[in-house]
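Visitor: A structural model of the following input is requested.
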Amino acid sequence: MKKETVSKITLAGLVVLISGLFLTMIHQFLMAIFMAGLFSATVMPIQHFLTRKFGGHQVLASVVIIVGMVMLVMVPLAFLITIVITQAIAIGQSVTPWVHGFIAEPTTLSVYLEKIPFYDQILPYRDVIIHKAGEMVGTVTTFLVNSLSSFTRVTIEALFSSVIMLYVMFYFLNMGDILLERILYFLPLDDKNEQRLLSRFTSVTKATLKGTLIIGFLQGTICGVGFTLAGIEGSVFWGALMAVASIVPAFGTAIIWLPALVILALMGNFTGVIILAVVCGLIAGNLDNLVRPRLVGKDTEMHDLFVLFGTLGGITMFGILGIIIGPIIAALFITLWEMYGATFREYLPGVEMILRKRAPLDKHRQER
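Guide: Below is the predicted model:
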């Protein structure tokens, strides 16, 4: 083996080893760095505009953007989180005694079952329904209580990560172009594919942020108002949950408001039922179909199934930030396979030729 080859292999091994060690060392900050990159790419047009307005003072423009994010996003979000935590604790404290009484005497559910149409037909299964309902309510309540107990720790960690993100974002806004150029230089891809990946990453990031944040905020606010009008306590807490649930395709906010509607119907509060059906079902439910195409357009170019599994898989792997990261990874997955198909086209078989070869067999099967 040549000395030059040994040197290159040794260098490559050292690069992989030290890079892995470094990434392991800073792994708790990787998410904050990644989010800083996302937001920096999103507000870069504003950065360029402010730099021109300030006579080329790029640092001043970056400071204005960071301060603006703190005042317009972080501070209101902190107030919202405080209200949500307060209402969540109040809901947990009010629900827990009711659940304990329900588990101790589950037959109280029969009062609500009697109000359901065709009660006589489900009467033989009443005991099973009551038992299963008691188990379900107890499980859900235990989950909520455990979630609330760990919510404070998560909030503190999120605050620390936000500070790191803003600090890194300041440097990305000032030297992001240089850093991006170095990253693309080390990727062994041709310029066309690098630009395609970068364009795809940027467009999907902007579309995901616009679609997720704006539509989630609008639907959560509208449904929260609906809960208030229907007389349901903790409307801010439920509105925040529905803002998060709005990212789930097909189901969305109905995951929260539909069970609430059923409970109101069982309690005989038909006014609340009508309010939730109109405000949450009719208005907020159609908001996604009306607003999302205008906000997102064709930037994602992904089927709903990829959006669904990308979002749910992202939440499973990355937590709440997976709402944004999941669809981006799904879009890059699709783009890389498209690039693979274009690069290795001459080695891949023609699909039409395969289908033509199978056609006589299919015809023979039909004749049989």
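
Visitor: hang on, isn't R196 packed against M339?
Guide: Yes: at 6.7 Å, R196 and M339 qualify as touching, with contact defined as CB atoms under 8 Å. Any C-beta I mention is one placed from the backbone N, CA and C, and that applies to glycine too.

Visitor: name the helix or strand for I329, please.
Guide: Taking DSSP states H and E as the definition, I329 sits inside helix 322-343.

Visitor: and for G231?
Guide: Under the criterion DSSP H and E, no helix or strand holds G231.

Visitor: show the model's pLDDT score for it.
Guide: Reported pLDDT at G231 in the predicted model: 84.

Visitor: quickly note the distance from N286 to L308.
Guide: 19 Å (CB to CB, to the nearest Å).

Visitor: which one's more surrounded, these two?
Guide: Comparing N286 with L308 by other CB atoms under 10 Å, the one with more neighbours is L308, at 19 against 10.

Visitor: helix or strand for the more buried one, which one?
Guide: Counting by DSSP H and E, L308 is part of helix 304-318.

Visitor: what ranges do the helices span in the stretch 151-300 of the chain?
Guide: 191-209, 215-229, 235-245, 254-266, 270-276, 285-296 (DSSP state H, counting those that start in this stretch).

Visitor: now those helices as JSON lines including distance to F318?
Guide: What follows is these, written out as JSON lines (distance: least, CB to CB, whole Å):
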{"stretch": "helix 191-209", "distance to F318": "13"}
{"stretch": "helix 215-229", "distance to F318": "17"}
{"stretch": "helix 235-245", "distance to F318": "14"}
{"stretch": "helix 254-266", "distance to F318": "20"}
{"stretch": "helix 270-276", "distance to F318": "32"}
{"stretch": "helix 285-296", "distance to F318": "21"}
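
Visitor: low-confidence regions, the stretch 1-150 of the chain specifically.
Guide: Flagging of the stretch 1-150 of the chain using pLDDT under 70 yields the residue ranges 1, 87-150.

Visitor: hmm, try it at 80
Guide: Low-confidence segments of the stretch 1-150 of the chain (pLDDT under 80): 1-4, 73-150.

Visitor: out of the helices of the stretch 151-300 of the chain, which gets nearest to A41?
Guide: A41 lies closest to helix 191-209 among the helices of the stretch 151-300 of the chain, at 5.6 Å (CB to CB).
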